[in-house]
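> No sequence on hand, only this structure:
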C-alpha cells in the first residue's frame, strides 16, 4: 500500500473541524503529525471536504455524519447524513469521473426520470458527480436508498416494462 505522511498538526486539524471544513472526520484525536495514512485515507479527506462544499452550496446544510459503507475492487462507498437534506450514498474512486461515474450518472438519471410516480422503480436520484480538485480521484453523490425488506416481483416486472416503454426525454439525457 502507498502511504503518505500527514503533515498537519493536530491543532490545525481541530481548527479545521471547528471551521466546519472537515466537521465529520472521525476521531481527530487519533491523528498526529507522525501517523502514516494510506493513499485511500488521504483521498477520503479530500472527498469529505468536497462533499461538505457541495452540500452547503446546494442548500443541504452541514454534513452530520459520514460512514464507510463498503467497497469493491474499483470504488469505495459512504453513507452521508446532512443537517438539511436527504441521506446520501457516495461512491468514490481513484480514477477520473469520465472513466468511472459519468456513464453511471447519466444512466441512473435516465432511469430516475422515467420511473417517477407510484408504479415506477425506486431509482436513486443523482445529485452530483465530478473529479476531486487535486485530480487524484472522482466521486458520485446520489440519494441513499434503504434496500432492506422484501419486494413485490409483479410490481417490479410492471415497473421495468414501464421503464422500457418510456419515451426519450431531454430531462433523462435522451433528446
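Received it, and whenever you're ready, just let me know what you need. All values derive from a computational prediction rather than experimental measurement.
> what ranges do the strands span in this protein?
Along the chain, the segments classed as strands by DSSP state E run 3-5, 36-38, 63-71, 76-82, 88-93, 126-131, 138-143.
> What about residue 76, how many residues nearby?
20 (other CB atoms under 10 Å). Glycine gets a C-beta too; all of them are placed from N, C-alpha and C.
> likewise residue 72?
With other CB under 10 Å as criterion, residue 72 counts 9.
> how close does it sit to residue 48?
For residue 72, the distance to residue 48 equals 20 Å [CB to CB, to the nearest Å].
> Lowest average pLDDT across the strands of the chain?
Lowest mean pLDDT within these: strand 3-5, at a mean of 30.
> Need the nearest residue in space to residue 95, chain neighbours excluded.
In space, and not counting its chain neighbours, residue 95 is closest to residue 138: 6.5 Å by CB to CB, 6 or more residues apart in numbering.
> Bridging across strands, which residues link to that neighbour?
Assessed by DSSP bridges, residue 138 has beta-bridge partners residue 93, residue 131.
> what about the chain, any weak spots by pLDDT?
Scanning the chain for pLDDT under 70 picks out 1-45, 171-175.
> residue nearest the centroid of it?
Central residue of the chain (CA atoms, centre = their mean): residue 90, 1.6 Å from the mean position.
> Excluding chain neighbours, give the residue nearest to that one in space.
Once flanking residues are discounted, residue 90 sits nearest to residue 78: 4.4 Å by CB to CB, 6+ apart.
> Would you map the helices across the chain?
10-19, 39-57, 97-100, 102-113, 153-165 (DSSP state H).
> Any idea which of those helices gets closest to residue 120?
For the helices of the chain, proximity to residue 120 was assessed by CB to CB; helix 153-165 is nearest, at 5.3 Å.
> Could you tell me the angle between that closest one and helix 102-113?
Between the axes of helix 153-165 and helix 102-113, defined by axes from the mean of the first three to the mean of the last three CA atoms, to 10 degrees, the angle is 110 degrees.
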